[in-house]
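> Sequence first, predicted model second:
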Amino acid sequence: MQVVKPRGRLFFANPGPTNIPDSVLKAMSHHTVDFNDPDFLTVYHRCFEGVKTILGTKGHLFFYAGSGHAAWEASLVNLFSAGDRILIVETGHFSESWGRMATAHGLEVQTLPAEWNKGPDAAALEAALKADKDHAIKAVCVVHNETSTGMTVSLKDMRKAIDGAKHPALFMVDTISSLGSLDFRMDEWGIDCAVGGGQKGLMLPTGLSFTGLSDKAMAVHQTSTLPKHYFNWTTMLARPHKSFLGTVPVHFFFGLQESLRLMLEEEGLAHLFARHSRLARATRAAVKQWSGNQGPTLFSADPSRYSDSVTAVRMPEGFSSDGLRKTAHERFNVSLGGGLSRLAGQVFRIGHMGDLNEPMILGTLGVVEMALKINGIPHASGGVEAALQVLAEET
Ligand SMILES: *Cc1c(COP(=O)(O)O)cnc(C)c1O
(Lines give C-alpha, C1' and ligand atoms only; values in the text may rest on other atoms or scores of the structure.)
Protein backbone atom coordinates (compact mmCIF):
# COMPACT_ATOMS: atom_id res chain seq x y z
CA MET A 1 0.00 0.00 0.00
CA GLN A 2 1.24 3.43 -0.91
CA VAL A 3 2.01 5.63 2.09
CA VAL A 4 0.23 8.97 1.77
CA LYS A 5 2.39 11.86 2.88
CA PRO A 6 0.59 14.14 5.35
CA ARG A 7 -0.28 17.60 4.05
CA GLY A 8 0.17 20.91 5.83
CA ARG A 9 3.20 22.44 7.38
CA LEU A 10 5.69 20.31 9.32
CA PHE A 11 5.11 20.88 13.03
CA PHE A 12 8.62 21.07 14.34
CA ALA A 13 8.62 20.27 18.06
CA ASN A 14 12.28 19.35 18.44
CA PRO A 15 14.33 21.03 21.17
CA GLY A 16 16.81 22.37 18.62
CA PRO A 17 17.05 23.23 15.90
CA THR A 18 13.85 25.18 16.30
CA ASN A 19 11.29 26.92 14.11
CA ILE A 20 12.67 29.91 12.22
CA PRO A 21 10.24 32.85 12.12
CA ASP A 22 9.21 33.90 8.61
CA SER A 23 10.59 37.40 9.21
CA VAL A 24 14.02 35.92 10.03
CA LEU A 25 13.96 33.76 6.90
CA LYS A 26 12.98 36.82 4.86
CA ALA A 27 15.74 38.93 6.42
CA MET A 28 18.27 36.26 5.45
CA SER A 29 17.03 36.19 1.90
CA HIS A 30 19.35 39.08 1.15
CA HIS A 31 21.73 39.79 -1.71
CA THR A 32 25.40 39.22 -0.91
CA VAL A 33 27.33 42.15 0.51
CA ASP A 34 31.00 42.76 1.21
CA PHE A 35 31.52 42.06 4.89
CA ASN A 36 33.43 45.36 5.20
CA ASP A 37 30.55 47.31 3.66
CA PRO A 38 29.69 50.09 6.16
CA ASP A 39 25.97 49.22 5.94
CA PHE A 40 26.76 45.65 6.92
CA LEU A 41 29.03 46.81 9.75
CA THR A 42 26.04 48.65 11.22
CA VAL A 43 24.05 45.39 11.19
CA TYR A 44 27.01 43.49 12.62
CA HIS A 45 27.59 45.89 15.50
CA ARG A 46 23.90 45.89 16.32
CA CYS A 47 24.06 42.07 16.55
CA PHE A 48 27.19 42.26 18.70
CA GLU A 49 25.46 44.54 21.20
CA GLY A 50 22.19 42.60 21.05
CA VAL A 51 23.82 39.28 21.89
CA LYS A 52 25.65 40.94 24.77
CA THR A 53 22.33 42.26 26.03
CA ILE A 54 20.75 38.79 25.91
CA LEU A 55 23.80 37.30 27.63
CA GLY A 56 23.67 40.03 30.28
CA THR A 57 27.31 40.97 29.86
CA LYS A 58 29.51 43.98 29.33
CA GLY A 59 32.42 41.60 28.69
CA HIS A 60 33.95 40.20 25.51
CA LEU A 61 32.19 38.36 22.70
CA PHE A 62 33.43 36.14 19.86
CA PHE A 63 31.32 34.69 17.04
CA TYR A 64 32.09 31.45 15.19
CA ALA A 65 30.87 30.00 11.91
CA GLY A 66 29.89 26.63 13.32
CA SER A 67 27.25 25.01 15.52
CA GLY A 68 27.40 24.95 19.32
CA HIS A 69 30.19 22.38 19.21
CA ALA A 70 32.44 25.01 17.58
CA ALA A 71 31.89 27.38 20.52
CA TRP A 72 32.61 24.51 22.97
CA GLU A 73 35.85 23.80 21.14
CA ALA A 74 36.87 27.46 20.81
CA SER A 75 36.42 27.93 24.57
CA LEU A 76 38.50 24.88 25.44
CA VAL A 77 41.43 25.59 23.12
CA ASN A 78 41.59 29.28 24.05
CA LEU A 79 41.52 28.84 27.81
CA PHE A 80 43.58 25.75 28.56
CA SER A 81 46.91 23.99 28.12
CA ALA A 82 47.67 20.28 27.74
CA GLY A 83 47.10 18.40 30.98
CA ASP A 84 44.99 21.13 32.62
CA ARG A 85 42.23 19.70 34.76
CA ILE A 86 38.61 20.83 34.39
CA LEU A 87 35.59 19.75 36.42
CA ILE A 88 32.52 18.79 34.40
CA VAL A 89 29.31 18.86 36.39
CA GLU A 90 27.32 15.87 35.14
CA THR A 91 23.82 16.62 33.92
CA GLY A 92 23.31 14.31 30.92
CA HIS A 93 24.25 13.73 27.30
CA PHE A 94 25.53 17.27 26.71
CA SER A 95 27.77 17.45 29.81
CA GLU A 96 29.23 14.08 28.75
CA SER A 97 29.85 15.24 25.17
CA TRP A 98 31.57 18.42 26.36
CA GLY A 99 33.78 16.31 28.62
CA ARG A 100 34.65 13.95 25.75
CA MET A 101 35.71 16.90 23.64
CA ALA A 102 37.94 18.19 26.45
CA THR A 103 39.55 14.74 26.82
CA ALA A 104 40.22 14.66 23.07
CA HIS A 105 42.04 17.99 23.42
CA GLY A 106 44.36 16.53 26.06
CA LEU A 107 42.67 17.95 29.15
CA GLU A 108 42.22 15.95 32.32
CA VAL A 109 38.49 15.74 32.93
CA GLN A 110 37.16 15.26 36.43
CA THR A 111 33.42 14.61 36.60
CA LEU A 112 31.12 15.59 39.43
CA PRO A 113 28.73 12.65 39.13
CA ALA A 114 24.96 13.07 39.27
CA GLU A 115 21.85 11.07 38.42
CA TRP A 116 20.48 12.30 35.12
CA ASN A 117 16.93 12.61 36.47
CA LYS A 118 18.00 14.54 39.57
CA GLY A 119 20.86 16.77 38.47
CA PRO A 120 23.93 17.97 40.33
CA ASP A 121 24.23 18.69 44.04
CA ALA A 122 25.69 22.13 44.87
CA ALA A 123 27.04 20.89 48.22
CA ALA A 124 28.91 18.09 46.43
CA LEU A 125 30.41 20.65 44.05
CA GLU A 126 31.58 22.78 46.97
CA ALA A 127 33.10 19.71 48.66
CA ALA A 128 34.91 18.64 45.46
CA LEU A 129 36.39 22.12 45.09
CA LYS A 130 37.40 22.29 48.77
CA ALA A 131 39.18 18.96 48.33
CA ASP A 132 41.20 20.47 45.48
CA LYS A 133 43.62 22.22 47.87
CA ASP A 134 46.32 23.05 45.32
CA HIS A 135 43.73 24.45 42.87
CA ALA A 136 44.51 22.02 40.05
CA ILE A 137 40.96 22.47 38.73
CA LYS A 138 41.11 25.30 36.18
CA ALA A 139 37.41 25.50 35.39
CA VAL A 140 33.98 24.32 36.53
CA CYS A 141 31.80 23.51 33.49
CA VAL A 142 28.02 23.49 33.83
CA VAL A 143 25.32 22.93 31.22
CA HIS A 144 22.65 25.46 32.26
CA ASN A 145 19.80 23.65 30.55
CA GLU A 146 20.44 19.95 29.89
CA THR A 147 18.55 19.45 26.66
CA SER A 148 18.67 15.65 26.88
CA THR A 149 16.85 15.44 30.23
CA GLY A 150 14.76 18.61 30.40
CA MET A 151 16.46 19.97 33.50
CA THR A 152 17.69 23.47 34.33
CA VAL A 153 20.48 23.94 36.86
CA SER A 154 20.53 27.02 39.10
CA LEU A 155 23.69 28.85 38.09
CA LYS A 156 23.42 31.02 41.19
CA ASP A 157 23.71 27.88 43.35
CA MET A 158 26.71 26.64 41.36
CA ARG A 159 28.41 30.04 41.67
CA LYS A 160 27.71 30.03 45.42
CA ALA A 161 29.37 26.61 45.70
CA ILE A 162 32.50 27.87 43.89
CA ASP A 163 32.62 30.95 46.12
CA GLY A 164 31.92 28.84 49.22
CA ALA A 165 35.02 26.80 48.45
CA LYS A 166 36.98 30.04 47.77
CA HIS A 167 38.16 28.37 44.57
CA PRO A 168 39.68 30.45 41.75
CA ALA A 169 38.47 28.17 38.90
CA LEU A 170 36.78 29.76 35.91
CA PHE A 171 33.00 29.30 35.80
CA MET A 172 32.11 28.04 32.30
CA VAL A 173 28.50 27.66 31.28
CA ASP A 174 26.81 26.11 28.26
CA THR A 175 23.76 28.29 27.61
CA ILE A 176 23.03 26.82 24.18
CA SER A 177 19.48 25.67 24.98
CA SER A 178 18.69 28.30 27.62
CA LEU A 179 19.71 31.60 26.01
CA GLY A 180 16.73 33.42 24.56
CA SER A 181 14.33 31.06 26.35
CA LEU A 182 15.27 31.23 30.03
CA ASP A 183 16.62 34.02 32.20
CA PHE A 184 20.40 34.26 31.87
CA ARG A 185 22.64 36.83 33.53
CA MET A 186 26.28 36.29 32.75
CA ASP A 187 27.84 39.16 34.71
CA GLU A 188 25.42 39.11 37.63
CA TRP A 189 25.90 35.36 38.14
CA GLY A 190 29.69 35.56 37.91
CA ILE A 191 30.05 33.52 34.72
CA ASP A 192 33.49 33.71 33.07
CA CYS A 193 32.67 31.93 29.84
CA ALA A 194 29.18 31.53 28.36
CA VAL A 195 28.87 29.24 25.34
CA GLY A 196 25.88 29.96 23.08
CA GLY A 197 24.45 28.77 19.78
CA GLY A 198 22.07 30.18 17.20
CA GLN A 199 19.60 27.43 16.33
CA LYS A 200 17.77 27.06 19.65
CA GLY A 201 16.28 30.06 21.45
CA LEU A 202 17.76 32.51 18.95
CA MET A 203 15.68 30.94 16.14
CA LEU A 204 18.39 30.94 13.46
CA PRO A 205 19.49 28.25 11.03
CA THR A 206 22.28 26.06 12.43
CA GLY A 207 25.83 27.35 12.01
CA LEU A 208 26.41 30.43 14.14
CA SER A 209 27.73 30.18 17.70
CA PHE A 210 29.54 32.44 20.14
CA THR A 211 31.13 32.84 23.54
CA GLY A 212 30.83 35.65 26.05
CA LEU A 213 33.91 36.11 28.25
CA SER A 214 34.85 37.93 31.44
CA ASP A 215 38.10 39.88 31.85
CA LYS A 216 39.29 37.04 34.07
CA ALA A 217 38.76 34.53 31.24
CA MET A 218 40.58 36.79 28.77
CA ALA A 219 43.54 36.98 31.18
CA VAL A 220 43.59 33.18 31.46
CA HIS A 221 43.50 33.01 27.64
CA GLN A 222 46.92 34.73 27.55
CA THR A 223 48.46 31.70 29.30
CA SER A 224 46.77 29.00 27.18
CA THR A 225 49.00 26.87 24.97
CA LEU A 226 46.62 24.36 23.34
CA PRO A 227 47.02 24.50 19.52
CA LYS A 228 44.55 26.87 17.89
CA HIS A 229 44.40 28.97 14.77
CA TYR A 230 40.96 29.55 13.20
CA PHE A 231 39.44 29.93 16.68
CA ASN A 232 42.33 31.89 18.24
CA TRP A 233 40.81 34.82 20.14
CA THR A 234 44.00 36.88 20.01
CA THR A 235 44.14 36.53 16.22
CA MET A 236 40.43 37.29 15.99
CA LEU A 237 40.84 40.50 17.97
CA ALA A 238 43.29 41.77 15.34
CA ARG A 239 40.61 41.38 12.63
CA PRO A 240 38.16 44.20 11.81
CA HIS A 241 35.15 42.22 13.08
CA LYS A 242 36.98 41.00 16.22
CA SER A 243 35.89 37.47 15.17
CA PHE A 244 36.25 35.34 12.00
CA LEU A 245 39.63 34.81 10.36
CA GLY A 246 38.06 34.28 6.95
CA THR A 247 34.83 35.37 5.30
CA VAL A 248 32.17 36.67 7.67
CA PRO A 249 28.88 34.74 7.18
CA VAL A 250 26.89 37.91 6.57
CA HIS A 251 23.51 36.22 6.09
CA PHE A 252 23.49 34.95 9.66
CA PHE A 253 23.76 38.54 10.86
CA PHE A 254 20.85 39.72 8.72
CA GLY A 255 18.87 36.93 10.38
CA LEU A 256 20.24 37.58 13.84
CA GLN A 257 19.42 41.28 13.63
CA GLU A 258 15.79 40.32 13.01
CA SER A 259 15.61 37.63 15.71
CA LEU A 260 17.11 40.06 18.22
CA ARG A 261 14.50 42.64 17.19
CA LEU A 262 11.74 40.09 17.78
CA MET A 263 13.13 39.15 21.19
CA LEU A 264 14.27 42.49 22.58
CA GLU A 265 11.89 44.95 20.93
CA GLU A 266 8.74 43.28 19.67
CA GLU A 267 8.13 40.82 22.53
CA GLY A 268 10.60 41.88 25.23
CA LEU A 269 12.52 39.43 27.38
CA ALA A 270 10.03 39.47 30.29
CA HIS A 271 7.15 38.41 28.02
CA LEU A 272 9.37 35.97 26.19
CA PHE A 273 10.35 34.18 29.41
CA ALA A 274 6.71 34.18 30.59
CA ARG A 275 5.61 32.59 27.29
CA HIS A 276 8.21 29.84 27.59
CA SER A 277 7.16 29.20 31.19
CA ARG A 278 3.45 29.05 30.22
CA LEU A 279 3.95 26.63 27.31
CA ALA A 280 6.25 24.48 29.46
CA ARG A 281 3.72 24.26 32.30
CA ALA A 282 1.00 23.28 29.83
CA THR A 283 3.24 20.56 28.42
CA ARG A 284 4.03 19.20 31.88
CA ALA A 285 0.35 19.25 32.83
CA ALA A 286 -0.36 17.04 29.81
CA VAL A 287 2.42 14.59 30.68
CA LYS A 288 1.28 14.41 34.31
CA GLN A 289 -2.21 13.51 33.09
CA TRP A 290 -0.87 10.84 30.70
CA SER A 291 1.15 9.32 33.54
CA GLY A 292 -2.07 7.75 34.93
CA ASN A 293 -2.60 4.02 34.18
CA GLN A 294 1.19 3.50 34.28
CA GLY A 295 1.65 5.89 31.39
CA PRO A 296 4.68 7.97 30.40
CA THR A 297 6.13 10.30 33.03
CA LEU A 298 8.24 13.43 33.27
CA PHE A 299 11.87 12.34 33.15
CA SER A 300 12.96 14.96 35.67
CA ALA A 301 12.37 13.89 39.26
CA ASP A 302 12.98 17.39 40.66
CA PRO A 303 10.15 19.89 40.06
CA SER A 304 12.43 22.80 41.00
CA ARG A 305 14.56 21.91 37.99
CA TYR A 306 11.88 21.44 35.31
CA SER A 307 13.10 23.06 32.12
CA ASP A 308 10.94 25.72 30.51
CA SER A 309 12.49 25.13 27.08
CA VAL A 310 12.28 21.34 26.71
CA THR A 311 10.34 18.49 28.33
CA ALA A 312 11.77 14.98 28.35
CA VAL A 313 9.15 12.25 28.71
CA ARG A 314 10.06 8.77 29.93
CA MET A 315 8.22 5.89 28.26
CA PRO A 316 6.54 3.17 30.32
CA GLU A 317 8.67 0.05 30.80
CA GLY A 318 8.70 -2.11 27.65
CA PHE A 319 7.62 0.61 25.20
CA SER A 320 10.02 2.42 22.88
CA SER A 321 9.74 6.13 22.16
CA ASP A 322 10.87 5.52 18.58
CA GLY A 323 7.55 3.99 17.48
CA LEU A 324 5.62 6.89 18.94
CA ARG A 325 7.88 9.41 17.21
CA LYS A 326 7.54 7.53 13.92
CA THR A 327 3.73 7.67 14.12
CA ALA A 328 3.82 11.39 14.96
CA HIS A 329 6.09 12.09 12.02
CA GLU A 330 4.72 9.82 9.32
CA ARG A 331 1.01 10.22 9.97
CA PHE A 332 0.75 13.70 11.42
CA ASN A 333 3.81 15.63 10.20
CA VAL A 334 5.02 16.34 13.73
CA SER A 335 8.73 16.06 14.52
CA LEU A 336 9.55 15.20 18.15
CA GLY A 337 13.00 14.88 19.74
CA GLY A 338 14.33 11.41 20.57
CA GLY A 339 16.28 10.10 23.54
CA LEU A 340 20.02 10.80 23.43
CA SER A 341 22.84 8.35 24.20
CA ARG A 342 21.84 6.15 27.16
CA LEU A 343 18.25 7.46 26.97
CA ALA A 344 17.75 6.33 23.33
CA GLY A 345 14.35 4.69 22.95
CA GLN A 346 13.44 5.40 26.58
CA VAL A 347 12.65 9.06 26.23
CA PHE A 348 11.08 11.42 23.74
CA ARG A 349 11.42 15.17 23.98
CA ILE A 350 9.04 18.01 23.25
CA GLY A 351 10.85 21.23 22.43
CA HIS A 352 9.01 24.36 23.51
CA MET A 353 11.68 26.96 22.83
CA GLY A 354 11.88 29.70 20.27
CA ASP A 355 9.10 30.68 17.88
CA LEU A 356 6.16 28.84 19.43
CA ASN A 357 2.65 29.65 20.60
CA GLU A 358 -0.39 28.01 22.22
CA PRO A 359 -1.96 26.41 19.10
CA MET A 360 1.41 24.95 18.15
CA ILE A 361 1.97 23.34 21.54
CA LEU A 362 -1.65 22.11 21.71
CA GLY A 363 -1.29 20.62 18.22
CA THR A 364 1.86 18.82 19.28
CA LEU A 365 0.33 17.53 22.52
CA GLY A 366 -2.79 16.39 20.62
CA VAL A 367 -0.63 14.39 18.23
CA VAL A 368 1.39 12.84 21.07
CA GLU A 369 -1.86 11.75 22.73
CA MET A 370 -3.11 10.26 19.43
CA ALA A 371 0.19 8.46 18.93
CA LEU A 372 -0.06 7.01 22.45
CA LYS A 373 -3.52 5.63 21.58
CA ILE A 374 -2.51 4.34 18.13
CA ASN A 375 0.55 2.54 19.51
CA GLY A 376 -1.35 0.98 22.41
CA ILE A 377 0.90 2.67 24.95
CA PRO A 378 -0.69 2.78 28.41
CA HIS A 379 -1.72 6.27 29.53
CA ALA A 380 -4.62 8.25 30.96
CA SER A 381 -6.29 10.35 28.28
CA GLY A 382 -7.12 14.02 28.87
CA GLY A 383 -3.59 15.39 28.60
CA VAL A 384 -4.58 18.00 26.04
CA GLU A 385 -7.50 19.04 28.23
CA ALA A 386 -5.11 19.47 31.19
CA ALA A 387 -2.81 21.60 29.02
CA LEU A 388 -5.55 23.87 27.80
CA GLN A 389 -6.76 24.41 31.36
CA VAL A 390 -3.31 25.79 32.18
CA LEU A 391 -3.26 27.98 29.07
CA ALA A 392 -6.83 29.25 29.49
CA GLU A 393 -6.19 30.28 33.10
CA GLU A 394 -3.17 32.30 32.02
CA THR A 395 -4.61 34.21 29.09
C1 LIG B 1 22.30 21.59 21.07
C2 LIG B 1 23.22 21.63 22.22
C3 LIG B 1 24.60 21.55 22.08
C4 LIG B 1 25.27 21.26 20.79
O5 LIG B 1 25.14 22.26 19.91
P6 LIG B 1 25.21 21.99 18.33
O7 LIG B 1 24.74 23.28 17.81
O8 LIG B 1 24.30 20.85 18.03
O9 LIG B 1 26.63 21.71 18.01
C10 LIG B 1 25.38 21.67 23.21
N11 LIG B 1 24.83 21.86 24.42
C12 LIG B 1 23.50 21.93 24.61
C13 LIG B 1 22.96 22.12 25.96
C14 LIG B 1 22.65 21.81 23.51
O15 LIG B 1 21.33 21.85 23.69
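Perfect, thanks for sending it.
> Can you give me the neighbour number for residue 198?
Neighbour count for residue 198, taken as other C-beta atoms under 10 Å: 30. The C-beta positions use only the backbone N, C-alpha and C, and glycine is treated the same way.
> Tell me who's in contact with residue 235.
Going by C-beta atoms under 8 Å, 6 or more residues apart in numbering, residue 235 touches 229, 245.
> Quick check: which element contains it?
helix 233-237 (DSSP states H and E).
> which of the residues in that helix are buried?
For helix 233-237, burial by neighbour count (16 or more other C-beta atoms under 10 Å) applies to 233, 236.
> Contact residues of the chain facing the ligand?
Residues of the chain that fall close to the ligand, judged by C-beta under 6 Å from any ligand atom: 16, 67-69, 94, 143, 147, 174, 176-177, 197.
> List buried residues within those residues.
For the residues of the chain next to the ligand, a neighbour count by 16+ other C-beta under 10 Å gives the buried set as 16, 67-69, 94, 143, 147, 174, 176-177, 197.
> quick one, what contacts the closest residue to residue 297 other than its chain neighbours?
Excluding its sequence neighbours, the residue lying closest to residue 297 (C-beta to C-beta, 6 or more residues apart in numbering) is residue 291, at 4.6 Å. Shown in contact with residue 291 (C-beta under 8 Å, 6+ apart): 297-298, 379-380.
> And the residue of the chain closest to the ligand?
Taking C-beta to the nearest ligand atom, the ligand has its nearest neighbour within the chain at residue 68, 2.5 Å off.
> Tell me where the stretch 201-350 of the chain has strands.
Ranges of strands in the stretch 201-350 of the chain, per DSSP state E, counting those that start in this stretch, are 208-213, 297-298, 310-314, 334-338, 347-351.
> Could you dump the ones you listed into TSV with mean pLDDT, distance to residue 10 and mean neighbour count added?
Formatted as TSV, those follow (pLDDT from 0 to 100; distance: least, C-beta to C-beta, whole Å; neighbours: other C-beta atoms under 10 Å):
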stretch	mean pLDDT	distance to residue 10	mean neighbour count
strand 208-213	98	22	27
strand 297-298	98	26	18
strand 310-314	98	18	27
strand 334-338	97	6	21
strand 347-351	98	13	26
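> Out of those, flag the one nearest residue 185.
Residue 185 sits nearest to strand 208-213 of all these, at 11.1 Å, using C-beta to C-beta.
> Could you list the low-pLDDT ranges of the stretch 251-395 of the chain?
Scanning the stretch 251-395 of the chain for pLDDT under 70 picks out 395.
> thought residue 209 was touching residue 194?
No: using C-beta atoms under 8 Å as the test, residue 209 is too far from residue 194 to be in contact (11.2 Å).
> In terms of helices and strands, where is the closest residue to residue 228 other than its chain neighbours?
Excluding its sequence neighbours, the residue lying closest to residue 228 (C-beta to C-beta, 6+ apart) is residue 77, at 4.2 Å. Assigning secondary structure by DSSP H and E places residue 77 in helix 68-79.
> and the direction of that helix versus that of strand 208-213, what angle?
30 degrees (axes from the mean of the first three to the mean of the last three C-alpha atoms, to 10 degrees).
> which residues touch the residue nearest to residue 228?
By C-beta under 8 Å, 6+ apart, the residues touching residue 77 are 105, 224, 226-228, 231.
> do that again at 10 Å, thanks
101, 105, 107, 221, 224-233 (C-beta atoms under 10 Å, 6 or more residues apart in numbering).
> What does the pLDDT read for it?
For residue 77, the pLDDT comes out at 98.
> Equivalent analysis for the one 5 residues further on, please.
For residue 82, the pLDDT comes out at 98.
> hang on, it packs against residue 102?
No: taking contacts as C-beta atoms under 10 Å, residue 82 lies outside contact range of residue 102: 11.4 Å.
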